[in-house]
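Enquirer: got a sequence here, can you model it:
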Amino acid sequence: MADYWIPINDVLREPILILEAVIVLLGLEFGVIFLYRFLKKERGKALILALSTFFFAFAFMVFFFIISDLYVDYLSLPESRHFYGNIAYSIMGIGALVFTFNAERELGQKNHIFSIILLGSLIFMAIDFFFVIIEPVYFALVGWVLFVIVLLIYVKKISSKIKEYRLSIYGFFLGVLAYGLGYASTINLMVSSFGSISRFIGDIFIIFGISLISLVFVGLPSLREIDWTKNLNKLLLMHKSGSCICEYDFAGSRKTPDQVSQVIAGSLIGISQLLTELMESKKQLTIMDHQDKQIIFAYGQDIIAALIVDEYFGIYRKKLAKFVENIEIIYSPILEDWDREPIRVKPIEKLIKYAFS
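Expert: Down below sits the predicted model:
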């Protein structure tokens, strides 16, 4: 062993190799998941595609580090680690740049300052690839810091506007913290100071962190949803018999059910029931396109709510379902045997304002 040495060559070498192979597979899997989600469901969300690129880049970065730190003979090929390290950091830098650029675009930051700094780091890294000026880890550190800052700004902006996602936000921050601690534990300084156990523990934290980040990010909304109230048009609250209980115009005019509203309510319920029967499925109609509007349905035991919006966001379905649940809790004695007697609209109006604010 005197003439052959690699950074990690002790009893933890194989466990570390297994953990990092798992990290590579997870990165590829999450990349495929987000790519599929972009292609099949959310072509309008460039950030989803960017996140897919990021996970693919992350997987390849770890792959090259496995080669560098577990298989390279440093004495016979002393330049190999620098070569593989530069490849790994460059791939990850490109992934971080793509994600950061799209995140800044969605955040409305037209100057793209973080993306420009990241691009500069990549250019210096390319120069360092040939002239070996400094260790590439320092360029990577700049990229990681900027990437995390942009990511946190994105998530913080969502959490400040849409309270329904705050639990997911906490999970996201926990994932970022776990990943950060894991990554810090795998750098050369930590491994040199504490041995391969540091990298072993770091890999475990990384697996937990990227898994939590991915699972949480799937459920996070686009930043376009921050202004979801601007797309609200009208809410119709209907009894299962087809009668309209209440009509609410989000432009500012609250209405009690008139003859026109009754016709609309009956038509919507009829359409819902017809489509459900035609599809021969127990699954109820949840969303319908009508000209340039979209109608979202939520069902209770005795009532159906129809929310008319300019553009569909996932937040509407959550809020509408919660609204229907609250209405049925409060008005259940009345709704069970309702004989079309007028229901006081003002309390319902307050519930609407509370639910959609």
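Enquirer: thought residue 38 was touching residue 52?
Expert: Yes. Contact criterion C-beta atoms under 8 Å: residue 38 and residue 52 qualify, at 6.4 Å. Where C-beta positions appear, they are placed from N, C-alpha and C, glycine not excepted.
Enquirer: mind listing what residue 330 touches?
Expert: The contact partners of residue 330, taken as C-beta atoms under 8 Å, 6 or more residues apart in numbering, are 347, 351.
Enquirer: how close does it get to residue 189?
Expert: 61 Å (C-beta to C-beta, to the nearest Å).
Enquirer: same question, residue 54
Expert: 25 Å.
Enquirer: about what we covered before: so which of residue 38 and residue 52 has more stuff around it?
Expert: Taking residue 38 and residue 52 together and counting by other C-beta atoms under 10 Å, residue 52 has the greater number of neighbours (23 against 19).
Enquirer: secondary structure element for the more buried one?
Expert: Per DSSP states H and E, residue 52 falls inside helix 46-70.
Enquirer: which strands and helices sit next to that helix?
Expert: Contacting helix 46-70 under the criterion 3 or more C-beta pairs under 8 Å, 6 or more residues apart in numbering; DSSP states H and E are the following elements: helix 13-40, helix 80-107, helix 196-219.
Enquirer: shouldn't residue 312 be within a strand?
Expert: No. Counting by DSSP: H, G, I helix; E, B strand; the rest coil, one finds residue 312 to be coil, located in no strand.
Enquirer: contact partners for it?
Expert: 287, 294, 296.
Enquirer: just the ones of those residues in helices?
Expert: Using DSSP state H, no member of the contacts of residue 312 falls in helices.
Enquirer: returning to that earlier point: joint contacts of residue 38 and residue 52?
Expert: Joint contacts of residue 38 and residue 52 (C-beta under 8 Å, 6+ apart) do not exist.
Enquirer: just to revisit the earlier point, out of the helices and strands packed on helix 46-70, which is closest to residue 236?
Expert: Closest of those to residue 236 is helix 196-219, at 28.2 Å (criterion: C-beta to C-beta).
Enquirer: does anything pack onto the helix or strand just after that closest one? Which helices or strands?
Expert: Per DSSP H and E, the first helix or strand lying C-terminal to helix 196-219 is strand 232-239. Judged by 3+ C-beta pairs under 8 Å, 6+ apart, the packing partners of strand 232-239 are strand 244-249, helix 259-278, strand 303-309.
Enquirer: quick one, strand 232-239 and strand 303-309 angle?
Expert: 170 degrees (axes from the mean of the first three to the mean of the last three C-alpha atoms, to 10 degrees).
Enquirer: average pLDDT for strand 232-239, rounded please.
Expert: Here strand 232-239 scores 81 as its mean pLDDT.
Enquirer: neighbouring strands of that strand in the sheet, and parallel or not?
Expert: Strand 232-239 pairs in its sheet with strand 244-249 (antiparallel), strand 303-309 (antiparallel), by DSSP bridges.
Enquirer: okay, now the domains of this structure?
Expert: 13-221, 228-355 (automatic domain parsing).
Enquirer: neighbours of residue 61, how many?
Expert: 24.
Enquirer: check what pLDDT it gets.
Expert: At residue 61, the pLDDT recorded in the model is 90.
Enquirer: that one contacts residue 92, correct?
Expert: Yes. Between residue 61 and residue 92 there is a contact under C-beta under 8 Å: 4.1 Å.
Enquirer: in contact with residue 305, which residues?
Expert: By C-beta under 8 Å, 6+ apart, residue 305 lies in contact with 235, 236, 237, 238, 297, 298, 320, 323, 324, 327.
Enquirer: most neighbours among those residues, which one?
Expert: Going by other C-beta under 10 Å, residue 237 tops these with 28 neighbours.
Enquirer: next up, the contacts around it.
Expert: Each residue near residue 237 by C-beta under 8 Å, 6+ apart is listed here: 244, 245, 246, 247, 248, 303, 305, 327, 348.
Enquirer: in a markdown table, list those along with distance to residue 87 and pLDDT.
Expert: Supplementary listing: the contacts of residue 237 in a markdown table, determined by distance: C-beta to C-beta, whole Å; pLDDT from 0 to 100:
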| residue | distance to residue 87 | pLDDT |
| --- | --- | --- |
| 244 | 65 | 72 |
| 245 | 65 | 75 |
| 246 | 63 | 77 |
| 247 | 62 | 78 |
| 248 | 59 | 83 |
| 303 | 60 | 81 |
| 305 | 55 | 84 |
| 327 | 59 | 83 |
| 348 | 62 | 77 |
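Enquirer: still on that earlier bit, the strands paired with strand 232-239: which one's closest to residue 88?
Expert: Per C-beta to C-beta, nearest to residue 88 of the strands paired with strand 232-239: strand 303-309, 45.5 Å.
Enquirer: look up the pLDDT of the residue nearest the centre of the chain for me, please.
Expert: In the chain, the residue lying closest to the centroid (C-alpha atoms, centre = their mean) is residue 217, at 2.5 Å. Note on residue 217: pLDDT of 72.
Enquirer: highest mean neighbour count out of the domains of the chain?
Expert: Comparing the domains of the chain by mean neighbour count (mean count of other C-beta atoms under 10 Å), domain 13-221 ranks first with a mean of 18.
Enquirer: okay, and the beta partners of residue 236?
Expert: The partner residues for residue 236, given DSSP bridges, come to residue 247, residue 306.
Enquirer: is it true that it touches residue 247?
Expert: Yes. In this structure, residue 236 is within contact of residue 247 by C-beta under 8 Å, at 5.5 Å.
Enquirer: noted, bye for now.
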